[in-house]
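Asks: sharing a model prediction with you, sequence too.
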Amino acid sequence: MKNPPVNPGHFMLVDTGLPSSEAKIFKRLKKIGLSWSNVRMVVLTHAHIDHAGSAVAIKALTSAPILAHALEVPYCSGQPPKLEATGPFGRTFQKTGAIQRPFSYFEPDEIMTAGEMSLDDRGFPLKIIHTPGHTPGSVSVLTQNDSAVAGDLAASGVLLGGIVLRAKPKRPPFEEDKQAVATSLELLLQRGCKTFHLGHGGPLTADGIGKHVSALRRFQL
Ligand SMILES: [Zn+2]
Ligand SMILES: [Zn+2]
């Protein structure tokens, strides 16, 4: 099978970090020999402040279109996120209100409505898969080499992706629907995903994710 065309020098940014993350992102781009002009598309795994907080600033610097799922549009435009804490850390967070702080809201340039979307025609050999659960409009980016950038579908490490216990999966501080999370992770496993890159901690292996799914399913019993 012929590989889809790939445009050298065209890169996609998945998530934009907290507000005012531009300098940090630029530093990382420079480190791998890129600049803002190389960023041709921005995909948001979901629109919590720590993932969408710099979307407006990044768009101004890159002119790249921002893609998000239709079910995430309310959060992009300022509806406070529903916060179902998964444990004490989430509850503390909830009390501080940090995750519900306002940020620069926006209307995504491209709104995904399907369960799956190929970006082959944009020169990115990637698929975007709707993987709800953490939020209703969460998506994962699936690469050709069986890796997924899965946002906050799972997490690892102490606190938010700390340096210890990074290989041990755990639930992120918030999760709107844990059974939907389990179903979404199973879908990525069925699609052959072997490495899971996460917003906090990771990467995790398919084996670790499989165990995490079983743990989530046990809540139902
Ligand atoms: Zn999140
Ligand atoms: Zn997050």
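Replies: All right, it came through fine. Ligands and ions are numbered 1, 2, ... in the order given.

Asks: which parts of the helix or strand of the chain with the lowest mean pLDDT are buried?
Replies: The helix or strand with the lowest mean pLDDT-type score in the chain, counting by mean pLDDT, DSSP states H and E, is helix 88-96 (a mean of 81). Under the neighbour-count criterion of 16 or more other C-beta atoms under 10 Å, helix 88-96 has F89, G90, F93, Q94 buried. For the C-beta atoms, the positions are set from N, CA and C on the backbone; glycine is no exception.

Asks: state the helix or strand in which the residue positioned nearest the centre of the chain lies.
Replies: Of all residues in the chain, the one closest to the mean position by C-alpha atoms, centre = their mean is G151, 2.5 Å from it. Using DSSP states H and E, G151 sits within no helix or strand.

Asks: who are the contact partners of it?
Replies: Contacts here follow C-beta atoms under 8 Å, 6 or more residues apart in numbering; on that basis G151 touches D15, T45, H46, H51, T131, H134, S138, V139, S140, L198, G199.

Asks: let's see it at 10 Å
Replies: Contacts were defined as C-beta atoms under 10 Å, 6 or more residues apart in numbering; by that measure G151 touches 14-15, 43-46, 48, 51, 131, 134-135, 138-141, 172, 197-200.

Asks: out of those residues, which touch ligand 1?
Replies: Residues shared between the contacts of G151 and the neighbourhood of ligand 1 are H48 [C-beta under 5 Å from the ion].

Asks: pLDDT weak spots in this structure?
Replies: With pLDDT under 70 as the threshold, the chain has low-confidence stretches at 1-5, 158-166, 220-221.

Asks: any idea how far H69 is from the residue nearest to the centre of the chain?
Replies: Distance, G151 to H69, using C-beta to C-beta, to the nearest Å: 11 Å.

Asks: can you check which residues contact both of the two?
Replies: Common contacts of G151 and H69 (C-beta under 10 Å, 6+ apart): V43, L44, T45, H46, T131, T135, S138, V139.

Asks: just give me the closest of these to ligand 1.
Replies: Checking these against ligand 1 with C-beta to the ion, the nearest one is H46 at 5.5 Å.

Asks: what's that closest one in contact with, if anything?
Replies: For H46, the contact set (C-beta under 10 Å, 6+ apart) comprises 15, 52, 68-69, 71-72, 75-76, 81, 131-132, 134-139, 151-153, 176, 199.

Asks: returning to that earlier point: and the contacts of the least confident helix or strand of the chain?
Replies: Counting contacts by C-beta under 10 Å, 6+ apart, the residues touching helix 88-96 from outside are 83-85, 98-100, 158-160, 170-175.
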